[in-house]
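>>> how does the following fold in three dimensions:
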Amino acid sequence: MIELHNALTILATSSVAKDRDAITRIEKVAQEDIHSIVQRLENQSVLVESVEFGSIEQSRQLAKTLIISAGLMCSGLSCLLTIWFKPSVAIAVTPIGFITGAAAQSIALANEARKSNKNNF
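Residues are numbered from 1 along each chain as shown. Below is the predicted model:
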């Protein structure tokens, strides 16, 4: 949505007459000014996202669950490997494994969200 917002803003503030004419035609057809058109599109985007995910809170809860699960899996794995090779530092390695797994899942979710936003617009 931000790309569309930026494109319409650039066209609306452009010194090129054809750009201003395009915005004027859009406003004439929609019978609204460009700012209300952009606001309506942003509102519709939020509505689509909330319907798509059930709710924003539900998608946040899912993300938290995935991050915690990945952290627990990595901490367990790192603890088991450390017990195998050097049991005396297993307690110290376990939180590092949790943080590493949680961070990796966070990055993966952020990249996925970025890709889906890029593909949607």
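
>>> what helix or strand is the closest residue to Gly71 other than its chain neighbours on?
Of all residues not flanking Gly71 in the chain, Ala102 sits nearest, at 3.5 Å (Cβ to Cβ, 6 or more residues apart in numbering). Placement of C-beta: from N, CA and C, glycine included. Secondary structure assigned from DSSP states H and E places Ala102 in helix 90-120.

>>> quick one: mean pLDDT for that helix?
For helix 90-120, mean pLDDT rounds to 85.

>>> so what does that helix touch, helix or strand wise?
If contacts are counted by 3 or more Cβ pairs under 8 Å, 6 or more residues apart in numbering; DSSP states H and E, helix 90-120 sits against helix 56-85.

>>> now the helix it packs on: average pLDDT?
88.

>>> so what angle separates the directions of that helix and helix 90-120?
Counting by axes from the mean of the first three to the mean of the last three Cα atoms, to 10 degrees, helix 56-85 lies at 140 degrees to helix 90-120.
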